[in-house]
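Visitor: Quick one, what's the 3D model for this:
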Amino acid sequence: MTAPFCGLALSTLAAGGQLSQVGYSYIRTFFGYVLEALLIAMAIVLGTTFIGTIAIKSDNAVMVLVEYCLKMGAVTSAVKGAETMMQKAFGL
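Guide: Take a look at the predicted model:
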(Lines give C-alpha, C1' and ligand atoms only; values in the text may rest on other atoms or scores of the structure.)
Protein backbone atom coordinates (compact mmCIF):
# COMPACT_ATOMS: atom_id res chain seq x y z
CA MET A 1 0.00 0.00 0.00
CA THR A 2 2.94 2.33 0.40
CA ALA A 3 4.45 1.58 -3.02
CA PRO A 4 2.34 4.17 -4.96
CA PHE A 5 3.86 6.96 -2.87
CA CYS A 6 7.40 5.98 -3.88
CA GLY A 7 7.73 8.70 -6.51
CA LEU A 8 6.67 11.47 -4.18
CA ALA A 9 8.76 10.30 -1.24
CA LEU A 10 11.91 9.58 -3.23
CA SER A 11 11.72 12.90 -5.07
CA THR A 12 12.50 14.61 -1.77
CA LEU A 13 15.97 13.01 -1.81
CA ALA A 14 17.03 15.45 -4.53
CA ALA A 15 16.13 18.45 -2.38
CA GLY A 16 18.78 17.69 0.23
CA GLY A 17 18.83 19.00 3.75
CA GLN A 18 15.98 18.25 6.13
CA LEU A 19 13.53 17.55 3.31
CA SER A 20 15.55 14.54 2.19
CA GLN A 21 14.79 12.86 5.53
CA VAL A 22 11.30 12.13 4.17
CA GLY A 23 12.82 9.93 1.45
CA TYR A 24 15.14 8.15 3.84
CA SER A 25 12.28 7.54 6.24
CA TYR A 26 10.17 6.15 3.40
CA ILE A 27 12.92 3.73 2.39
CA ARG A 28 13.34 2.48 5.97
CA THR A 29 9.58 2.07 6.37
CA PHE A 30 9.16 0.30 3.04
CA PHE A 31 11.95 -2.18 3.72
CA GLY A 32 10.56 -2.69 7.22
CA TYR A 33 7.20 -3.68 5.74
CA VAL A 34 8.81 -5.99 3.20
CA LEU A 35 10.94 -7.75 5.80
CA GLU A 36 7.94 -7.97 8.14
CA ALA A 37 5.96 -9.74 5.41
CA LEU A 38 8.87 -12.14 4.86
CA LEU A 39 9.11 -12.82 8.59
CA ILE A 40 5.38 -13.56 8.77
CA ALA A 41 5.64 -15.89 5.77
CA MET A 42 8.55 -17.70 7.39
CA ALA A 43 6.59 -18.09 10.65
CA ILE A 44 3.63 -19.52 8.75
CA VAL A 45 5.84 -21.96 6.84
CA LEU A 46 7.46 -23.11 10.08
CA GLY A 47 4.01 -23.35 11.63
CA THR A 48 2.86 -25.76 8.96
CA THR A 49 5.80 -28.02 9.76
CA PHE A 50 4.81 -27.89 13.45
CA ILE A 51 1.23 -28.79 12.64
CA GLY A 52 2.28 -31.59 10.33
CA THR A 53 4.01 -33.42 13.20
CA ILE A 54 0.79 -34.00 15.14
CA ALA A 55 -0.73 -37.47 15.09
CA ILE A 56 -3.99 -37.90 17.02
CA LYS A 57 -4.46 -41.22 18.79
CA SER A 58 -7.44 -42.09 20.91
CA ASP A 59 -5.52 -42.92 24.10
CA ASN A 60 -3.92 -39.47 24.63
CA ALA A 61 -6.25 -37.14 22.72
CA VAL A 62 -6.30 -34.48 25.46
CA MET A 63 -2.52 -34.15 25.52
CA VAL A 64 -2.43 -33.98 21.73
CA LEU A 65 -4.99 -31.17 21.75
CA VAL A 66 -2.98 -29.27 24.38
CA GLU A 67 0.17 -29.71 22.30
CA TYR A 68 -1.72 -28.56 19.21
CA CYS A 69 -2.92 -25.41 21.00
CA LEU A 70 0.60 -24.61 22.24
CA LYS A 71 2.05 -24.93 18.74
CA MET A 72 -0.66 -22.70 17.26
CA GLY A 73 -0.02 -20.18 20.05
CA ALA A 74 3.67 -20.13 19.18
CA VAL A 75 2.91 -19.48 15.51
CA THR A 76 0.41 -16.75 16.41
CA SER A 77 2.83 -14.98 18.74
CA ALA A 78 5.54 -15.11 16.08
CA VAL A 79 3.23 -13.48 13.54
CA LYS A 80 2.00 -10.85 16.01
CA GLY A 81 5.55 -10.04 17.15
CA ALA A 82 6.89 -9.53 13.63
CA GLU A 83 5.78 -5.88 13.45
CA THR A 84 7.37 -4.97 16.78
CA MET A 85 10.61 -6.71 15.89
CA MET A 86 10.92 -4.91 12.55
CA GLN A 87 10.09 -1.54 14.15
CA LYS A 88 12.86 -2.05 16.68
CA ALA A 89 15.28 -3.27 14.01
CA PHE A 90 14.76 -0.22 11.79
CA GLY A 91 14.26 2.31 14.58
CA LEU A 92 10.81 3.39 13.38
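
Visitor: the helices in the chain, which residues?
Guide: Taking DSSP state H as the test, the helices found in the chain are 6-11, 20-52, 61-80, 82-90.

Visitor: okay, those in TSV with mean pLDDT next?
Guide: Below are the helices of the chain laid out as TSV (pLDDT from 0 to 100):
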stretch	mean pLDDT
helix 6-11	76
helix 20-52	81
helix 61-80	79
helix 82-90	77
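
Visitor: Output those in CSV, with mean neighbour count appended to each entry.
Guide: Placement of C-beta: from N, CA and C, glycine included. What follows is these, written out as CSV (neighbours: other CB atoms under 10 Å):
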stretch, mean neighbour count
helix 6-11, 13
helix 20-52, 14
helix 61-80, 13
helix 82-90, 15
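
Visitor: Contacts only, for the residue nearest to the spatial centre of the chain.
Guide: Centroid check for the chain by CA atoms, centre = their mean gives residue 36 as the closest residue, at 3.1 Å. Under the criterion of CB atoms under 8 Å, 6 or more residues apart in numbering, the neighbours of residue 36 are 82, 83, 86.
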